[in-house]
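Novice: based on what follows, work out the 3D shape:
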Amino acid sequence: MRWVGRKGRLERIGNEFNIPHPLPDHPAVLVAGIGDNGLTVAKVVMTLSVPGPAESRLRERCELEILGEILAPERYWESIRGADALLPQLRDRIDDAALDAAGPGLRVVSNYAVGLDNVDIPACTARGIYVGHTPDVLTDATADLAMTLLLSAARRVVESDREMREGRYLGWRPDYLLGQEVTGATLGLIGFGRIGKAVARRAAGGFAMRILAYDPAGVVRSGELEVEDCSLERLLVESDFVSCHLPLTEETHHLIGEVELTSMRRSAILINTSRGPIIDEAALVHALSTGVIAGAGLDVYEREPEMAEGLAQCFTAVLLPHLGSATWKTRAAMGELAARNILNVLDGGTPIAWANPEVTPRR
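Specialist: Sure thing, here's the model as predicted:
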């Protein structure tokens, strides 16, 4: 499919990722600086190398510095001094201190993610700095992984794999490692944005699941998809599977805690591919350990990369290391979109996808 920028969002046209990029013979991006002509090549600081053409696109036209690791804040601040653009990872905190360290020449922060809980957007906006990100291009990959977690937890795939590897399988039995039926079950979606809708299409179309949805911003239906808009309380009580697809905000922090877990069915399975702190992880460990719910599938964690004490011993939980967008195609598309956000701003335009359209940009 082709993705075309339309005032901060991307539209699908066709069937391939094709994020527009400058022709190879475009000149270097020049910014005010010290030199014979008073100009210097724009400096871009990228935290980690990413798959795909993003690095080559930036090197063609900018001075690109790749840090190669996630640095402690003080080291990161030192590394970004004098930058015109940043391409950070989710673990890089872009706050007042980082923005002050970068200096007055910083014009755009292009996050290598759709989520922006690591970026202080109001602080960027106050300084005239665009905040770019990578929506849409990771929707399908993340929705696929949510369904992978749902199916793996429902049919106890990881537990079964462990049984085989440790030699405990002694032959077929009628009651051995019984799981939950997926086809025709009820799926409750907490958050009904791009990824929530994509999960709903897979669940309804592929597994004839009944779809309930709760979203603090309101459930906006998509096409002919049959979705029941309901309260969070009803969703938790009625769902066989609950899948989280919300951004992390003050309102969504620990949205799922002890009370909410207790209200779920004992046979229910909880999936999270959004942000770890949406779930109270200690409460989830207790719920899994005591049989309050049947299982979980997690790709994100409250204090990532660490897990809550006891979670690793909850063998009814499928645990993945933040792989929602981890396909070659998607990670390359994310990188190219993040790079294009930067090049568009340095060329005097706006990012293809950005989170603060109200910003008055630095010039």
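
Novice: my read: Val318 touches Val158, true?
Specialist: Yes. Under the criterion of Cβ atoms under 8 Å, Val318 makes contact with Val158 at 5.1 Å. The C-beta positions use only the backbone N, C-alpha and C, and glycine is treated the same way.

Novice: so where do the helices sit in the stretch 101-250 of the chain?
Specialist: Ranges of helices in the stretch 101-250 of the chain, per DSSP state H, counting those that start in this stretch, are 121-126, 139-154, 157-165, 194-207, 232-238.

Novice: save the ones you listed as TSV, and put in mean neighbour count and mean pLDDT too.
Specialist: Shown next, in TSV, are these (neighbours: other Cβ atoms under 10 Å; pLDDT from 0 to 100):
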stretch	mean neighbour count	mean pLDDT
helix 121-126	17	98
helix 139-154	23	98
helix 157-165	14	97
helix 194-207	20	97
helix 232-238	18	98
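
Novice: could I get these as CSV with distance to Met46?
Specialist: Below are the helices of the stretch 101-250 of the chain laid out as CSV (distance: least, Cβ to Cβ, whole Å):
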stretch, distance to Met46
helix 121-126, 18
helix 139-154, 21
helix 157-165, 35
helix 194-207, 25
helix 232-238, 39
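
Novice: now for those, which one comes closest to Glu302?
Specialist: helix 139-154 (16.9 Å; Cβ to Cβ).

Novice: show me what the closest one is packed up against.
Specialist: helix 194-207, strand 241-244, strand 269-272, strand 295-298, strand 317-319, helix 328-346 (3 or more Cβ pairs under 8 Å, 6 or more residues apart in numbering; DSSP states H and E).

Novice: CA-only coordinates of the second one in CSV, if you can.
Specialist: When you say that, I think you mean strand 241-244. Output of strand 241-244 as CSV, limited to C-alpha atoms (Å, rounded to 0.1, in the frame of the first residue of the first chain):
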residue,chain,number,x,y,z
PHE,A,241,-10.4,-12.3,25.8
VAL,A,242,-9.5,-8.7,26.6
SER,A,243,-6.9,-6.9,24.5
CYS,A,244,-5.4,-3.4,25.3
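
Novice: returning to that earlier point: now the helices and strands packed on helix 139-154 as JSON lines including distance to Val44?
Specialist: Below are the helices and strands packed on helix 139-154 laid out as JSON lines (distance: least, Cβ to Cβ, whole Å):
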{"stretch": "helix 194-207", "distance to Val44": "27"}
{"stretch": "strand 241-244", "distance to Val44": "34"}
{"stretch": "strand 269-272", "distance to Val44": "33"}
{"stretch": "strand 295-298", "distance to Val44": "34"}
{"stretch": "strand 317-319", "distance to Val44": "35"}
{"stretch": "helix 328-346", "distance to Val44": "6"}
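
Novice: among these, which is nearest Trp77?
Specialist: Using Cβ to Cβ, the nearest of the helices and strands packed on helix 139-154 to Trp77 is helix 328-346, at 19.6 Å.

Novice: so how far is that closest one from its chain's centroid?
Specialist: 15 Å (Cα atoms, centre = their mean, to the nearest Å).

Novice: tell me what it is packed against?
Specialist: Under the contact rule (3+ Cβ pairs under 8 Å, 6+ apart), helix 328-346 is packed against helix 54-61, strand 85-87, strand 108-110, strand 130-132, helix 139-154.

Novice: using CSV, write out the CA atom coordinates for the longest one.
Specialist: Right, helix 139-154. Output of helix 139-154 as CSV, limited to C-alpha atoms (Å, rounded to 0.1, in the frame of the first residue of the first chain):
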residue,chain,number,x,y,z
THR,A,139,-0.7,-1.2,12.5
ASP,A,140,-0.9,-4.5,10.7
ALA,A,141,2.2,-6.0,12.2
THR,A,142,1.1,-5.1,15.8
ALA,A,143,-2.4,-6.4,15.2
ASP,A,144,-1.0,-9.7,13.9
LEU,A,145,1.1,-10.0,17.0
ALA,A,146,-1.9,-9.3,19.3
MET,A,147,-3.7,-12.2,17.6
THR,A,148,-0.6,-14.3,17.9
LEU,A,149,-0.5,-13.7,21.7
LEU,A,150,-4.3,-14.3,21.9
LEU,A,151,-4.0,-17.7,20.1
SER,A,152,-0.8,-18.7,21.9
ALA,A,153,-2.3,-18.0,25.3
ALA,A,154,-5.7,-19.5,24.5
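
Novice: now do that helix against helix 328-346, angle only.
Specialist: 140 degrees (axes from the mean of the first three to the mean of the last three Cα atoms, to 10 degrees).

Novice: can you list contacts of helix 139-154?
Specialist: 157-158, 179-182, 187, 194-195, 198-199, 201-203, 206, 241, 243, 245, 269, 271, 273, 295-299, 316-318, 320, 323-327, 329-330 (Cβ atoms under 8 Å, 6 or more residues apart in numbering).

Novice: list buried members of these by neighbour count.
Specialist: For the contacts of helix 139-154, a burial check counting by 16 or more other Cβ atoms under 10 Å picks out 157-158, 179-180, 182, 187, 194-195, 198-199, 201-203, 241, 243, 245, 269, 271, 273, 295-299, 316-318, 320, 324-327, 330.

Novice: next one: Ile195 from Glu74, what distance?
Specialist: 35 Å (Cβ to Cβ, to the nearest Å).
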